[in-house]
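Asker: Build the 3D model from these lines:
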Amino acid sequence: MQFIGINETVTVSPEKGGLVSVNHIPWSNSTEWGYQVGTLSDHPSREKLRDMGVDGFEVINGDTFDWQTYLFVQQNNMLMHIRRNYDRTKGDENKFFIDATGTRPRVYPKKNPAYYNLLPMTLLADYWTSFYSESKGMYSFQSTFCHQRKFVMHWKVIFGLVSGV
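Answerer: Presented below is the predicted three-dimensional model:
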């Protein structure tokens, strides 16, 4: 959806024999911390997606159960998919997914003395970054962010450091 556009996805996929399913509706509509705008503020509603020709929606992902989408899918007799679809590939009926090669050996990197030489400078840089906050919001996978960049100087902290309070 993000790469070719939702309109083209909904149009082209059925022509090629595919089904269109929309994932992560709660994520798309949730607000990022510090912002009062949805992660994808221009994301179409469930009704608009249905009218565009979407076949179904994701209802469960991880520990999120999307109740509103579940009710919408039930009322509109649409397809729904859940994470359980993936878990079934690990069942007894699908033994070809088992990796018979066993556990691969782990590789542990050697200690790098440059890390310890640069550690004081890194800690000092972390200290200086406590004087400001920068928030870019959620990444949009289009080489940009979903929200405006916010930069806030913590003047009271700087004043307290300078005045010795």
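
Asker: how many neighbours does Gln68 have?
Answerer: 12 (other C-beta atoms under 10 Å). No exception for glycine: its C-beta is placed from N, CA and C like everyone else's.

Asker: Break this protein down into its structural domains.
Answerer: 1-95, 113-165 (automatic domain parsing).

Asker: Please produce CSV containing the ones you listed, extended by mean pLDDT and distance to Val107.
Answerer: Shown next, in CSV, are these (pLDDT from 0 to 100; distance: least, C-beta to C-beta, whole Å):
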stretch, mean pLDDT, distance to Val107
domain 1-95, 77, 27
domain 113-165, 84, 18
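
Asker: among the ones you listed, which is the most enclosed?
Answerer: Greatest average neighbour count among the domains of the chain goes to domain 1-95 (a mean of 14), per mean count of other C-beta atoms under 10 Å.

Asker: Roughly how far does Asp63 sit from Lys48?
Answerer: 27 Å (C-beta to C-beta, to the nearest Å).

Asker: ok, now which ones touch Thr11?
Answerer: Shown in contact with Thr11 (C-beta atoms under 8 Å, 6 or more residues apart in numbering): Gly53.

Asker: can you offset everything so residue one is 761?
Answerer: Sounds good: first residue 761 from here, last item Thr771.

Asker: now the strands: where do they sit in the protein?
Answerer: 781-782, 816-818, 820-821, 824-825, 839-841, 892-895, 910-913 (DSSP state E).

Asker: any chance of the ones you listed in CSV, with distance to Phe919 too?
Answerer: Below are these laid out as CSV (distance: least, C-beta to C-beta, whole Å):
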stretch, distance to Phe919
strand 781-782, 49
strand 816-818, 49
strand 820-821, 45
strand 824-825, 43
strand 839-841, 54
strand 892-895, 14
strand 910-913, 11
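
Asker: now the helices: where do they sit in the protein?
Answerer: 766-775, 785-789, 806-812, 827-836, 844-847, 873-888, 915-923 (DSSP state H).

Asker: Would you convert the ones you listed into CSV that also reports distance to Gly897?
Answerer: Below are those laid out as CSV (distance: least, C-beta to C-beta, whole Å):
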stretch, distance to Gly897
helix 766-775, 20
helix 785-789, 13
helix 806-812, 23
helix 827-836, 23
helix 844-847, 29
helix 873-888, 22
helix 915-923, 23
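
Asker: Any idea which of those gets closest to Val819?
Answerer: Val819 sits nearest to helix 827-836 of all these, at 4.8 Å, using C-beta to C-beta.

Asker: Who are the packing partners of that closest one?
Answerer: helix 785-789, helix 806-812, strand 816-818, strand 839-841 (3 or more C-beta pairs under 8 Å, 6 or more residues apart in numbering; DSSP states H and E).
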